[in-house]
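Student: A structural model of the following input is requested.
(one chain, ligands or ions: 1)
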Amino acid sequence: MTTKTNVAIFVSGKGSNALKIIQHFKSSSCVKIGLVLSNNEGALALEKARNLGVETVVFDNQSLIKKSFVLNFLIHKKIQFIVLAGFLRQIPAEIVQYYAKKMVNIHPSLLPKYGGKGMFGMRVHEAVIKNQEKESGITIHYVSELYDKGAIIFQKKISVEKEDNSNTLAKKVQCLEHHYFPITLQKLLCNDV
Ligand code: GRF
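Tutor: Next up is the predicted model:
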């Protein structure tokens, strides 16, 4: 019998990636989305995740940094792998260390470009447009203690057209995320080639 990898998804906002991932693995034989964790009780993804039968939990920002509090919770819930999908707080070092090579993040640019502290959401796309970049894309990477600097697992490029603005670029990048994030996780967690 194959045992499923028990995965937690961390979200702060809309959670559209989290929902794509939950839907993708709904009937998976190798992955169970066991938990959606958020630091924002208003995160839209929470109710949708619950409707899809996934347990959710909210930790306020104080609890997140309280020593071992969240880590102990994750261990108690037998979480084996963590997916950051639009989680906007820094992950405590002890969690990063415990889940070394077992925690991934998605970033809406071609890292190392347009990454690092303060580079998130529309700020990324606005900077790409301002600098008249010819291409942008997505990066899925392991989480290390250095912000947006963990080993890169997957990147996909798209061209930035002259008529693009930060909104149209954001939409194109999000389409890439929704398509490639679930299948990249599938490759990682289900030994798919
Ligand atoms: C995505 O663009 C992702 O790259 C970034 O945060 C955003 C989350 O979007 N890390 P959503 O909440 O999944 O819609």
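Student: contacts, neighbours, all on C-alpha from now
Tutor: Will do.
Student: residues from this structure in reach of the ligand?
Tutor: 13-18, 85-86, 106-108, 121, 174 (CA under 6 Å from any ligand atom).
Student: pick out the residue closest to the middle of the protein.
Tutor: Using CA atoms, centre = their mean, the residue of the chain that lies closest to the mean C-alpha position is Ala85, 2.3 Å off.
Student: quick check: closest non-adjacent residue to it.
Tutor: The shortest distance from Ala85 to any non-neighbouring residue, by CA to CA, 6 or more residues apart in numbering, is to Val11 (5.5 Å).
Student: got it, and Ile21?
Tutor: In this structure, Ile21 finds its nearest non-sequential neighbour in Pro182, 5.1 Å apart by CA to CA, 6+ apart.
Student: dihedrals phi and psi, that neighbour?
Tutor: Per-residue torsions, Pro182: phi -60, psi -40 (degrees, to the nearest 10).
Student: can I assume it is in contact with Lys26?
Tutor: No - applying CA atoms under 8 Å, one finds Pro182 not in contact with Lys26, separated by 11.4 Å.
Student: and the two? Which one has more around it.
Tutor: Shown here are Pro182 and Lys26; by other CA atoms under 10 Å, Pro182 has more neighbours (20 against 15).
Student: and the lowest-mean-pLDDT helix or strand in the chain, what's buried?
Tutor: Within the chain, no helix or strand scores below helix 61-65, which has a mean of 87 by mean pLDDT, DSSP states H and E. Neighbour-count burial for helix 61-65 flags Leu64, Ile65 (criterion: 16 or more other CA atoms under 10 Å).
Student: that one: how far from the chain's middle?
Tutor: 19 Å (CA atoms, centre = their mean, to the nearest Å).
Student: what helices or strands is that helix leaning on?
Tutor: helix 69-76 (3 or more CA pairs under 8 Å, 6 or more residues apart in numbering; DSSP states H and E).
Student: what strands line up against the helix or strand just after the helix it packs on, and which way round?
Tutor: Scanning forward in sequence from helix 69-76 by DSSP states H and E, the next helix or strand is strand 81-84. Sheet partners assigned to strand 81-84 using DSSP bridges are listed as strand 5-11 (parallel), strand 103-107 (parallel).
Student: and the next element down the chain from the shortest one?
Tutor: Under the assignment DSSP H and E, the closest C-terminal helix or strand after strand 103-107 is helix 122-130.
Student: got the contact list for that following helix?
Tutor: Outside helix 122-130, the residues that touch it by CA atoms under 8 Å, 6 or more residues apart in numbering are Pro108, Ser109, Tyr114, Gly115, Ser136, Asp164, Asn165, Ser166, Asn167, Leu169, Ala170.
Student: much appreciated, bye for now.
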